[in-house]
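> have a look at this fold, sequence not included:
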């Protein structure tokens, strides 16, 4: 018999679109560089540079913008037109200032959950940008705490649910990333719910823990309140 | 009769050099652009772009790097050599990977304080970068909590000292910035200690609250433990 007190939810691609914006920016980058190579080559190079820089830049749109500029210089051996660099800066700025719309069902699900549980937002990314997205989304009041972290591992979840809840064993973590939201939360002792988003960043993909007693894959966030209630 | 339980300290330019690195990067930027204008013009333009972008990029080296690139494009009307852009990326990367050395007296002061008070690090900047700097500094174990925030205002300090301490009235905040570390902490009800650093970013300058009962300007961080003790 468990007694769930606390629910953590991821932000990007769980509460609002994010990966689709990154994909759109990838596409705009490919278009900008089109005369310097074919799509696959440009895409592969950008992905490689992003991955290489993750350790230094971390997650988020600012580091991604710097990686786009670096890729443009590398792909063209420095012969890129500076108008392209200017366009890349504009793409990055648009990512940072895009208005945020909650995904379907999010507002209702959070309203229901926040009446019964301590609701905590746990997300990676640029500190200021994530705060601005939350403010823009209008969802801020549903959460008793917001934790913006540089990495989501089991230690992160133990710490967050210890600090704001009653420990990981009485907490659910829900999000779209198997690698960041579900697996480390299960490892920490939480319950974990995958809420799939149509697009998954390659970096966040991982195998499902099929048969795990504390794991569920849900059809959408609308199913989350009932699933959490069923754990009581 | 107060009873101080908690001490918050700033990180950049309080525990380790930071502004001097930004100044050095400014200088390298000016040298890179030297053929396109005189020092004053380049410096003024970079400062203006940084300030304009603060709202979107926030504080930290990644946003500063993007601002340097934008300034280079503006100053040269797009005629900047792409080798300069590559150099700017390198300058930014060096800022993000520079090894961190504590300033003189910091380790001893933190060791003393951490025996008697809850010691909390409160800093602005890039989330991942600040965590990496703290790890690199070797000072992490002195702190019971680390709060990396997007803005330091009175609400920030109330929240932090409520969460990790026993409220703002029983807390001291110490740092090198009058505008970010001292004034909003005093407003929140904390005691505030200014620990001057030879360089002050123009954005962080503000007038001293001379005669304020809960304020002191110290000669160095070495004086902080005795000053906090004197408040008991």
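Structure received. Not measured: the values here are computed from a predicted model. Numbers count the residues shown, from 1 in each chain, chains lettered A, B, ... in the order given.
> which SS state does residue A:8 fall under?
At residue A:8 the chain is in strand, as set by DSSP: H, G, I helix; E, B strand; the rest coil.
> show the contacting residues for it.
A:120-122, A:157, A:160-161, A:171-174, A:185, A:190 (CB atoms under 8 Å, 6 or more residues apart in numbering or on different chains). To be clear about C-beta, it is placed using only N, CA and C from the backbone, and glycine gets the same treatment.
> domain ranges for chain A, per the record?
A:6-16+A:100-230, A:19-97 (automatic domain parsing).
> how about CSV for these, with mean pLDDT added?
Formatted as CSV, the domains of chain A follow (pLDDT from 0 to 100):
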stretch, mean pLDDT
domain A:6-16+A:100-230, 94
domain A:19-97, 96
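> neighbour-wise, give me the winner out of the contacts of residue A:8.
Greatest neighbour count in the contacts of residue A:8, by other CB atoms under 10 Å in any protein chain shown, goes to residue A:185: 32 neighbours.
> quick check: closest non-adjacent residue to it.
residue A:173 (3.5 Å; CB to CB, 6 or more residues apart in numbering or on different chains).
> the one you found contacts residue A:189, doesn't it?
No - counting by CB atoms under 8 Å, residue A:173 does not reach residue A:189; the two are 10.5 Å apart.
> residues from chain A in reach of chain B?
Selection of chain A residues close to chain B by CB under 8 Å from any CB of the partner chain yields A:56-59, A:62-63, A:65-66, A:69-70, A:73, A:78-80, A:82-83, A:85-86, A:89, A:92-93, A:96-97, A:126-129, A:131, A:148-150.
> ok, of these, which come out buried?
Buried by 16 or more other CB atoms under 10 Å in any protein chain shown: A:56-59, A:62-63, A:65-66, A:69-70, A:73, A:80, A:82, A:85, A:89, A:92-93, A:96, A:126-129, A:131, A:148-150, out of those.
> related to what we said a few turns ago, could you export the domains of chain A as CSV, including distance to residue B:212?
As requested, the domains of chain A are exported to CSV (distance: least, CB to CB, whole Å):
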stretch, distance to residue B:212
domain A:6-16+A:100-230, 30
domain A:19-97, 37
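> closest to residue B:141 out of the ones you listed?
Closest approach to residue B:141 among the domains of chain A (CB to CB): domain A:6-16+A:100-230, 15.6 Å.
> how far off centre is that closest one?
Remark: domain A:6-16+A:100-230 is offset 9 Å from the chain centroid, using CA atoms, centre = their mean, to the nearest Å.
> the longest helix in chain A is where?
helix A:39-57 (DSSP state H).
> and whatever helix or strand comes next after that one, what does it pack against?
From helix A:39-57 onward toward the C-terminus, using DSSP states H and E, the following helix or strand is helix A:61-75. In terms of contacts (3 or more CB pairs under 8 Å, 6 or more residues apart in numbering or on different chains; DSSP states H and E), helix A:61-75 is packed against helix A:19-32, helix A:39-57, helix A:82-97, helix B:61-75, helix B:82-97.
> contacts for helix A:61-75?
Contacts for helix A:61-75 (CB under 8 Å, 6+ apart): A:22, A:25, A:29, A:32-33, A:36-37, A:41-42, A:45-46, A:49-50, A:53-54, A:56-57, A:80, A:84-85, A:88-89, A:91-92, A:95-96, A:125-126, A:129, B:57, B:62-63, B:65-66, B:69, B:82, B:85-86, B:89, B:92.
> with stretch A:82-93 instead?
A:25, A:28-29, A:32-33, A:61-62, A:64-65, A:68-69, A:72, B:56, B:66, B:69-70, B:73, B:78-80, B:82, B:85.
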